[in-house]
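Undergrad: Just the structure for this:
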Amino acid sequence: MIYNKDFSYSFDENKCKECGGKCCTGESGYIFLDDIELNNLAEFFKMQKDEFIKNYCIKIKNRYSLREKLYLDGYACIFFNEDEKNCGIYNLRPKQCRTFPFWEYFKKNVDEVKKECIGICF
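TA: Numbering: from 1, shown residues only. Predicted coordinates:
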């Protein structure tokens, strides 16, 4: 169980095995990467940073987000493993993914995170 004193809920990370990757799939959204994350992923895939960006990212104003792919009735992160229903780059996943479900937005929108994540506990 993961607790964050700033949130009204906790997170049971063991539920991820049952969920099927709902935090990686669904409606379209952005998964922003910082420069360190871009460099680490490029190195992992044995690419130059520019090549990684060209193949796996889109530019949103002055930031980069991972591309999405069509999945079921919506979208999935380009690195979502459809066979295993989990993150294909788990050890290098962006901070945005590592901090889910403890996002500032969900402090005031607990009902939304509860619908999205079966690991939310009160």
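Undergrad: C-alpha from now on. contacts and neighbour counts both.
TA: OK.
Undergrad: distance between stretch 111-118 and the chain's centre?
TA: In terms of C-alpha atoms, centre = their mean, to the nearest Å, the centre of stretch 111-118 is set 15 Å apart from its chain centre.
Undergrad: just use 18 as the starting number from now, easier for me
TA: Sure, I'll start numbering at 18, so the last one becomes stretch 128-135.
Undergrad: got the buried residues for that stretch?
TA: 130, 133-135 (16 or more other C-alpha atoms under 10 Å).
Undergrad: buried sites along stretch 106-115?
TA: 110-111, 114.
Undergrad: Now go through the residues you listed and say which are in helices.
TA: Residues of the buried residues of stretch 106-115 located in helices (DSSP state H): Cys114.
Undergrad: just curious, which of the buried residues of stretch 106-115 is nearest to Ile77?
TA: Pro111 (16.2 Å; C-alpha to C-alpha).
Undergrad: Report the contact partners of that closest one.
TA: 48-50, 54 (C-alpha atoms under 8 Å, 6 or more residues apart in numbering).
Undergrad: quick one on the thing from earlier: tabulate the buried residues of stretch 128-135 in CSV, adding columns for distance to Cys40 and secondary structure.
TA: Shown next, in CSV, are the buried residues of stretch 128-135 (distance: C-alpha to C-alpha, whole Å; DSSP: H, G, I helix; E, B strand; the rest coil):
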residue, distance to Cys40, secondary structure
Val130, 9, helix
Glu133, 7, helix
Cys134, 7, coil
Ile135, 10, coil
